[in-house]
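Trainee: Only the shape, not the letters, is given here:
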């Protein structure tokens, strides 16, 4: 399976926000116009992030201190990228002998194709720059100021509007609560107690990216959305490019919004394997969350986007 695959998302307009449950954090409903962009078909995996880390350590671009990865220039260790397994048990990447490697969890589960976790917003942005350089593109992130220039041709974290537009999969008549409709069960996404085969042993209880392809347990159909994208309603929450603001502030039409110019928290989107109760709440297209950009958890990862 080509986990590097990017999906072309057609430009257009949609009404962003909570159409069903009156969640004030995702209101008012407002029309958004987006240009064409690409987004990754799958969440970034441990294998992919391990390649980034090994490239960084071999070129001297990153350093590791007390089990945490930083940019080589981060003298004060203010912007942690990633926790290795020696620092955080939920991380599925080890570091030994100046080499990063993906773990075999519980003695028999190869975590290579599971989504990377324990990665900060900074670590996700740094991955985008590395992937851009690898393909001869201009990096979008200034790693000194952490400002993002989306006019460049490289990879970036999806804006919140891009994320929701892609998650909805072109379904706007009616607007669904989830990517494939208004109902959710354990055969459709990885959430707490969904009953899949990896819901056992040590945390994290992630599933391989693209697991819900019609061969999943519990038995079900292919759960890719209308654009062919997997896991936007479950598995891990995903960092977005935007600073977070409570609510949307305006119901006016906005073109290619990027969120506030500054803030304390970055946006997180999508359902995730942790948590209990109110499963519909966490898996909804409109569900929003936020956290400090330096936080790292065993239920948070990311996917990437780029211009056409």
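Mentor: Great, that's in hand. All values derive from a computational prediction rather than experimental measurement.

Trainee: switch to C-alpha atoms for all contacts and neighbour counts from now on
Mentor: OK.

Trainee: ok, residue 45 to residue 112 distance?
Mentor: Distance, residue 45 to residue 112, by Cα to Cα, to the nearest Å: 7 Å.

Trainee: Then residue 57?
Mentor: In terms of Cα to Cα, residue 57 sits 19 Å off from residue 112.

Trainee: okay, which residue of the chain is out on the far edge from center?
Mentor: Residue distances from the centre of the chain (Cα atoms, centre = their mean) peak at residue 97, which lies 29.4 Å from the mean C-alpha position.

Trainee: Do you know the pLDDT at that residue?
Mentor: The pLDDT attached to residue 97 in the predicted structure is 94.

Trainee: Then the one 4 residues further on?
Mentor: Here, the pLDDT recorded for residue 101 equals 98.

Trainee: burial of residue 262, as a residue count?
Mentor: Using other Cα atoms under 10 Å, residue 262 is surrounded by 12 other residues.

Trainee: Leaving out chain neighbours, which residue sits closest to it?
Mentor: Distance criterion Cα to Cα, 6 or more residues apart in numbering; nearest residue to residue 262, sequence neighbours excluded, is residue 243 at 6.1 Å.

Trainee: ok, residue 57 and residue 112, which is more surrounded?
Mentor: residue 112 (21 against 18).

Trainee: Ramachandran angles for residue 134?
Mentor: When read as degrees, to the nearest 10, the backbone of residue 134 gives phi -60, psi -30.

Trainee: Ignore what I typed, I meant residue 123.
Mentor: Main-chain torsions, residue 123, degrees, to the nearest 10: phi -70, psi -30.

Trainee: measure it to residue 42 for me?
Mentor: Taken as Cα to Cα, the span from residue 123 to residue 42 is 18 Å.

Trainee: now swap in residue 241 and tell me
Mentor: Taken as Cα to Cα, the span from residue 241 to residue 42 is 17 Å.

Trainee: Likewise for residue 169?
Mentor: 14 Å.

Trainee: now residue 134
Mentor: To residue 42, residue 134 is 19 Å away according to Cα to Cα.

Trainee: Check residue 287 too.
Mentor: For residue 287, the distance to residue 42 (Cα to Cα) stands at 19 Å.

Trainee: The protein: helices as residue ranges?
Mentor: Counting by DSSP state H, the segments of the chain that form helices are 46-59, 121-134, 160-167, 279-283.

Trainee: Out of the ones you listed, which is closest to residue 198?
Mentor: helix 46-59 (15.9 Å; Cα to Cα).

Trainee: tell me which strands and helices that closest one is in contact with?
Mentor: Applying 3 or more Cα pairs under 8 Å, 6 or more residues apart in numbering; DSSP states H and E, one finds that helix 46-59 contacts strand 62-65, strand 99-102, helix 121-134.

Trainee: Across the sheet, point out what pairs with residue 213.
Mentor: Legend: beta-bridge partners of residue 213 under DSSP bridges are residue 222.

Trainee: Around residue 282, how many other residues sit close by?
Mentor: By other Cα under 10 Å, 25 other residues sit near residue 282.

Trainee: so who does the residue nearest to residue 262 touch?
Mentor: In this structure, residue 243 makes contact with 259, 260, 261, 262, 263, 264, 265, 266, 267, judged by Cα atoms under 8 Å, 6 or more residues apart in numbering.
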